[in-house]
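Q: when you get a sec, could you give me coordinates for this:
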Amino acid sequence: MRLGVAATPEVAVPCLEWLLTTEHELALIITQPDKPSGRGRAMKQSAVADWADQHKVKTVKPLNSLDLKGQIEDLDCVITIGYGVLLPQAILELPKFGFINLHFSLLPLYRGAAPAQRALQNGDLITGVTVFQLEKGMDTGPIYSQSSVDIDPSWRSSELLASLSQQGPIVLQEALLKISQGISPVAQSGQSSLAPKISKEEARLDFSVHAKDVVNAVRAFTYEPGAWTLWKEEPFKITSAVLANNADIPMGAVITSEKSVYVGCADQSAIELVTVVPAGKKEMKAIDWARGARLVGGEFFG
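A: Residues are numbered from 1 along each chain as shown. Next up, the predicted model:
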């Protein structure tokens, strides 16, 4: 089939690489326009645009979805992977077989922008990937294929998304085969849930909940937008943490031992910090930060 891919983040790359090895023609990449990035606010294109440049695939960066008119009518299908734009029905109907979406959950669970992150936040043990027919609803279209993934307890969103992205080609292959054979997708069934985008404020850690929930929040929010708190009135990111043995540490208090850094949470629970990013510095081991900070006792996050 003659295909287009509408995608923005790096998690789309494994599927793009796979498509180049198939009998399908990757005729067009659709990605979001360049955006200001970094302290200098220089314009930067998406990871998918970088990939398209390297592989010399035609790329468009529409400012408006309607700008796709006249550019995708000759395609059999468009695959969306984290494109980040809601497409109107008038656009979805232009390719011969419409649009399909690779979504990082077992739909109808976790419809929305942050399915992998919400699965980690809730402490789920299993998630997966789904390919479904795009329609005007939010991730409500009928399903072509699914594959489940066991979640390693040590994974954060970065590791989980990397694992899910590797499953993408498997479910895409099945979906494209069904489309070519004229097999219709199956309506979603079962209990649904939502996975809204995570704001920076939501990613602020709350040490008045159980340590298990704090660890899950760190897993879910690392590295984007970043799990954070305040240290001496400056933003302070916690990028990795594990459950510690129950301890009588006040909520939000920072306690150190010879090799470890602990923070008190609710119900006499605590977390052990593994890696952190202090304001204006790079990621480092938590104990190295604590030694440099010269803690004397009585210090609190928040």
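Q: for the longest helix anywhere in the chain, which positions count as buried?
A: Selection of the longest helix in the chain by residue count, based on DSSP state H, yields helix 157-180. Neighbour-count burial for helix 157-180 flags 157, 159-161, 163-165, 167-169, 171-176, 179 (criterion: 16 or more other C-beta atoms under 10 Å). Glycine gets a C-beta too; all of them are placed from N, C-alpha and C.
Q: got a list of what Ser37 touches?
A: Counting by C-beta atoms under 8 Å, 6 or more residues apart in numbering, Ser37 makes contact with 43-44.
Q: for it, give its distance to Ala47.
A: 12 Å (C-beta to C-beta, to the nearest Å).
Q: and what of Ile143?
A: 27 Å.
Q: so between these two, which is more surrounded?
A: Just comparing Ile143 and Ala47: by other C-beta atoms under 10 Å the higher neighbour count belongs to Ile143, 21 against 17.
Q: pLDDT at that one, what is it?
A: With respect to pLDDT, Ile143 has a value of 98.
Q: immediately after the least confident helix or strand in the chain by mean pLDDT, which helix or strand?
A: Within the chain, no helix or strand scores below strand 35-37, which has a mean of 83 by mean pLDDT, DSSP states H and E. Downstream of strand 35-37, the first helix or strand assigned by DSSP states H and E is strand 42-44.
Q: the longest strand seen in the chain - contacts with which helices or strands?
A: Across the chain, the longest stretch assigned as strand under DSSP state E is strand 234-244. Strand 234-244 sits against helix 211-221, strand 228-231, strand 270-277, with contacts defined as 3 or more C-beta pairs under 8 Å, 6 or more residues apart in numbering; DSSP states H and E.
Q: quick one, what contacts Thr80?
A: Neighbour list for Thr80: 5-7, 87, 99-102, 134 [criterion: C-beta under 8 Å, 6+ apart].
Q: now do 6 Å
A: By C-beta atoms under 6 Å, 6 or more residues apart in numbering, the contact list for Thr80 reads 6, 99, 101.
Q: in three-state terms, label it for me.
A: strand (DSSP: H, G, I helix; E, B strand; the rest coil).
Q: okay, it and Asp213: tell me how far apart.
A: 32 Å.
Q: swap in Tyr262?
A: In terms of C-beta to C-beta, Tyr262 sits 16 Å off from Asp213.
Q: likewise for Ile255?
A: Counting by C-beta to C-beta - Ile255 and Asp213 are separated by 20 Å.
Q: same check, this time on Thr22
A: Going from Thr22 to Asp213 by C-beta to C-beta gives 43 Å.
Q: the least confident helix or strand of the chain pairs with which strands, parallel or anti?
A: Paired neighbours of strand 35-37 in the sheet (DSSP bridges): strand 42-44 (antiparallel).
Q: name the residues that touch the partner strand?
A: 34, 37.
Q: the more surrounded of Thr22 and Asp213?
A: Asp213 (20 against 14).
Q: just the pLDDT at the more buried one, thanks.
A: 98.
Q: again, but for Ile271
A: Per-residue pLDDT puts Ile271 at 97.
Q: Ser257 now?
A: 89.
Q: and Asn246, by the same measure?
A: pLDDT, Asn246: 71.
Q: how close does the residue lying closest to it once chain neighbours are set aside get to Ala119?
A: Distances taken as C-beta to C-beta, 6 or more residues apart in numbering place Gln268 nearest to Asn246, at 5.2 Å, with adjacent residues excluded. Per C-beta to C-beta, Gln268 is found 28 Å from Ala119.
Q: neighbour count: those two, which is higher?
A: Ranked by neighbour count (other C-beta under 10 Å), Gln268 and Ala119 place Ala119 first, with 29 against 13.
Q: contacting residues around stretch 48-63?
A: Here stretch 48-63 makes contact (C-beta under 6 Å, 6+ apart) with 7-8, 12-13, 16, 26, 28-31, 33, 68.
Q: tell me which stretches of the stretch 1-150 of the chain form helices.
A: 13-19, 47-55, 89-92, 115-121 (DSSP state H, counting those that start in this stretch).
Q: nearest to Asp288, of these?
A: Closest approach to Asp288 among the helices of the stretch 1-150 of the chain (C-beta to C-beta): helix 115-121, 25.9 Å.
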